[in-house]
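Q: Coordinates for the following, if possible.
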Amino acid sequence: MKLPRDISGRKAVKAFEKIGYYIDHQRGSHIILYHKTRKHHRLSIPNHKTLRTGLLSKLIKDAGLSAEQFKKLL
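A: Model (predicted):
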């Protein structure tokens, strides 16, 4: 399943918050999210207008989601 190409950093953050990630802090243009129980408990998401599909795919994989599950969170 293809990922949308118009996902902003903020939109991705909101989607990950729905599964229990929370914003811990921001360093420069990167928003750092944490999750207490997931295996990969830290995600670093750039606060850009659009995220490249490769980075978005890696973030989704690190969060333990499939592309379809992520699209439902949007």
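Q: chain center to whichever strand or helix holds residue 12: distance?
A: In the assignment (DSSP states H and E), residue 12 maps to helix 9-17. Offset of helix 9-17 from its chain centre (Cα atoms, centre = their mean, to the nearest Å): 6 Å.
Q: buried sites along stretch 27-36?
A: 31, 33, 35 (16 or more other Cβ atoms under 10 Å). Every residue, glycine included, has its C-beta placed from N, CA and C.
Q: any chance of those residues in JSON lines, plus pLDDT and secondary structure?
A: Putting those into JSON lines (pLDDT from 0 to 100; DSSP: H, G, I helix; E, B strand; the rest coil) gives the following:
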{"residue": "31", "pLDDT": "97", "secondary structure": "strand"}
{"residue": "33", "pLDDT": "96", "secondary structure": "strand"}
{"residue": "35", "pLDDT": "92", "secondary structure": "coil"}
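Q: Looking at the residues you listed, which one is closest to residue 64?
A: Using Cβ to Cβ, residue 35 comes nearest to residue 64 of the buried residues of stretch 27-36, at 9.5 Å.
Q: list the helices and strands the next helix-or-strand element following the helix holding residue 12 packs on?
A: Next along the chain after helix 9-17, taking DSSP H and E as the criterion, comes strand 22-27. Contact here means 3 or more Cβ pairs under 8 Å, 6 or more residues apart in numbering; DSSP states H and E; on that basis strand 22-27 packs against strand 30-34.
Q: Given the strand it packs on, what are its sheet partners and their directions?
A: The sheet places strand 30-34 alongside strand 22-27 (antiparallel), strand 42-46 (antiparallel), with pairing taken from DSSP bridges.
Q: Out of those strands, which one sits most buried?
A: For these, average neighbour numbers computed from mean count of other Cβ atoms under 10 Å are highest in strand 42-46, which has a mean of 17.
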